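*Asks:* here you go, sequence then predicted model.
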Amino acid sequence: MGRIVGIDLGTTNSVIGVLEAGRPFVIANAEGSRTTPSVIGYTKGSELVVGQQARRQLVLNPRNTFSNLKRFVGRFWDELDESSLNVPYTVRANDQGCVRVTCPITEREYAPEELIGSVIRKLIDDAEKHLDENIDSAVITVPAYFNDSQRQATKDAALLAGIKVQRILNEPTAAALAYGFDKSSSSRVLVFDLGGGTFDISLLRISNGVFDVKATSGDTQLGGNDFDQKIVDWLADNFEKEHDIDLRRDRQSLQRLSEAAEKAKQELSGINSTPISLPFIATGPNGPLHIETTLERKHFESLCKDLIDRLLKPVEIALGDSGWTADEINDVVLVGGSTRMPMVQQLVKTIVPVPPSQSVNPDEVVAIGAAVQGGILTGELRDLLLNDVTPLSLGLETVGGLMKVLIPRNTPIPVRQADVFSTSQANQSSVEINVWQGERQLASDNKSLGRFRLSGIPPAPRGVPQVQVAFDIDANGLLQVSATDRTTGRKQSVSINGGSNMNEDEVNKLINEAKEKADSDRRKRASIDQKNNALTLVAQAERRLRDVSLEFGPYGAERQQRAVEVSLRDVQDFLENDDLAELDIAVSALQEALFGLNRRVSAEKRIDNNPIQGIKNTFGSLKDELFSDDYWDDDPWDYQPNSRGANSDYIDREKDRWDNDFYN
Ligand code: AMP
């Protein structure tokens, strides 16, 4: 089995890690950064940009730049809350009630997972370049509290990026793996994971390489974005009061507000008060309007009281489910950039009176854990065992719309659970199996994962037929349901993906499209790289020519300078004519010519710097001869036709002597 990378697909940033000689490490992206913004955009020329490049165009091109998409993954339109829709791009529901993102520049609608697939692709491309090998498999992390549809949709995103998902791993479990994989002691650990858009809490027992998740809980619609939104609303409300203009209605202003809010929030993690300056944010009847204000940490914290309260509930639920008390927790691991906020750290301290572990980097720990899981799956890491749980209860809808739970939340996975159901009417020939996930008593208050019908039940009085329904949850937390009529043995099973934003046909269509486009994309990318490299070389050559002329005069290394100039012109001509086949040859010639020039220059310097000046002077005439064009004619890097002079043997001998006598 090839290498399996670990991907932390975050709401705000994503990170990729891998195992190298048994140790996990984070791979920097092509821009040299260890985290890649989870932002995707299309430029004015319809070119796809991902990561930092896309982030840079957030303000100037807000309708074609998409961030925070993780909140939409695997969710139906009517499940979204108001705050998720507060984005500068257009989100709408399609005919099936699935979330679609509109991109005006490409005149297309995208499923969120399709766009997120581009982030995965970029991470993989950069990792392939770094490792110099192909990667086709990954462990991808998701919030522990993601339901089946969100997990399935994440898997679809990876499929669209051409990546096989070897394991869907819960983020806090990944963090615990990173924290404890090289520790031998036994401890009870609380992982508190507050990222950009989601919140997870997990309780684990780690003992001699065995990771037992005891309970998990969270909120997939609560994260750093909500704290930013508090500042955005504060700024926008004050501005509206003063100028009667709602800045949130203008996409560019909203994007500028969001960026300033996030910056202020992050600064307030280190200092008590921060200035916020947004010049020319709007235009009023008397000209441009600006925001110039200061936000105190205390005031920010008072704006966020309800969010802090929302963090408490899942912790209480997880502690209750685990059967542990807060005093029994030995270690606290903080994960996600939002745990840097002092008010969040204070809250954690009030729950568990143990100082949080400082040994993990909250931005990278999840990807590191995913890389460790990749190592477990390939067999590179042994003696580690991971026992995770399912975050939410799974069940069926029964008479009266009630939810009958088959697998309660926090059941260790993989798991199989079956129960027998019957008909509610006489001679009923089929039953509908309606699968739900959630904690509410009424099925319709939970999340519907899908429905299917088992038909062909022989006529019988009400309650007589016996239909066995079995739920299988695999190690990824993904569900498979089967129903068997015990009388006829008739069986029907389905993978549940009713809640995914894309149906199987759509996913397959996009995968085929991507395959068809992959070759042309690769060619396009290669030609862009080729031209960029040629341009870099042209700039280098121009600089070198200038430097050499300044140092040695226009005739100092005339022959070599001319060679560079000729090749340089060739490269520029082929670049201008877009002749890529000839460009490659011209680039090689220019490299050779530059190499020749550099050799010549360093030889000049060697002679000039030789301390034995007297001797050098004695050989002055020889030096002139050596550095005449004739001498260099048959150098391997000189591509000019050989026109060796009659005294060449003498010069070769003398050159050897020169080298041996004075330079060795
Ligand atoms: P993650 O998903 O772990 O990359 O977390 C991203 C979130 O962490 C974003 O909402 C960031 O604004 C937030 N964040 C990063 N650094 C800080 C900080 N120093 N203080 C407060 N929030 C931060």
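*Replies:* Ah, there it is.

*Asks:* distance check, Glu604 against the ligand.
*Replies:* Distance of Glu604 to the ligand, computed by CB to the nearest ligand atom, to the nearest Å: 53 Å. Bear in mind the C-beta positions are built from the backbone N, C-alpha and C, glycine included.

*Asks:* how close does that residue get to Val571?
*Replies:* Going from Glu604 to Val571 by CB to CB, to the nearest Å gives 25 Å.

*Asks:* which bits of this protein sit near the ligand?
*Replies:* Residues of the chain lying close to the ligand by CB under 6 Å from any ligand atom are 10-13, 195-196, 224-225, 262, 265-266, 269, 336-338, 340-341, 363.

*Asks:* Glu604 and Val571: which is more packed in?
*Replies:* Between Glu604 and Val571, Val571 has the larger neighbour count (other CB atoms under 10 Å), namely 23 against 17.

*Asks:* you'd agree that one is in a helix?
*Replies:* Yes: counting by DSSP: H, G, I helix; E, B strand; the rest coil, Val571 is located in a helix.

*Asks:* who's in contact with whatever residue of the stretch 301-450 of the chain ends up closest to the ligand?
*Replies:* Per CB to the nearest ligand atom, Gly337 is where the stretch 301-450 of the chain lies closest to the ligand, at 2.4 Å. Gly337 makes contact with 12-13, 195-196, 224, 362-363 under the criterion CB atoms under 8 Å, 6 or more residues apart in numbering.

*Asks:* ok, which stretches of the stretch 101-250 of the chain are helices?
*Replies:* Here the stretch 101-250 of the chain has its helices, by DSSP state H, counting those that start in this stretch, at 112-131, 148-160, 171-180, 224-243.

*Asks:* of these, which approaches Leu550 most closely?
*Replies:* Proximity to Leu550 (CB to CB) singles out helix 112-131 among the helices of the stretch 101-250 of the chain, at 36.8 Å.

*Asks:* just how off-centre is the closest one within its chain?
*Replies:* Chain-centre distance of helix 112-131: 7 Å, with CA atoms, centre = their mean, to the nearest Å.

*Asks:* buried ones among the residues of the chain next to the ligand?
*Replies:* Buried members of the residues of the chain next to the ligand, counted by 16 or more other CB atoms under 10 Å: 10-13, 195-196, 224-225, 262, 265-266, 269, 336-338, 340-341, 363.

*Asks:* among those residues, which lie within strands?
*Replies:* Among these, the ones falling in strands (DSSP state E) are Asn13.

*Asks:* how about low-confidence regions in this protein?
*Replies:* Scanning the chain with the threshold set as pLDDT under 70 gives 494-502, 515, 517-518, 521, 607-664.

*Asks:* grab the nearest non-local neighbour of Ser67.
*Replies:* Excluding its sequence neighbours, the residue lying closest to Ser67 (CB to CB, 6 or more residues apart in numbering) is Val39, at 4.6 Å.

*Asks:* now the one you found: how far from Phe300?
*Replies:* Val39 sits 25 Å away from Phe300, taking CB to CB as the criterion.

*Asks:* who has more neighbours, the two?
*Replies:* Using other CB under 10 Å as the criterion, Val39 and Phe300 rank with Val39 on top: 26 against 22.

*Asks:* the more buried one and Gly10: what is the separation?
*Replies:* Computed as CB to CB, the Val39 to Gly10 distance reads 11 Å.

*Asks:* repeat that for Pro172.
*Replies:* Per CB to CB, Pro172 is found 13 Å from Gly10.

*Asks:* wait, Glu109 sits on Val91?
*Replies:* No: look at Glu109 against Val91 with CB atoms under 8 Å: they stay out of range, at 9.9 Å.
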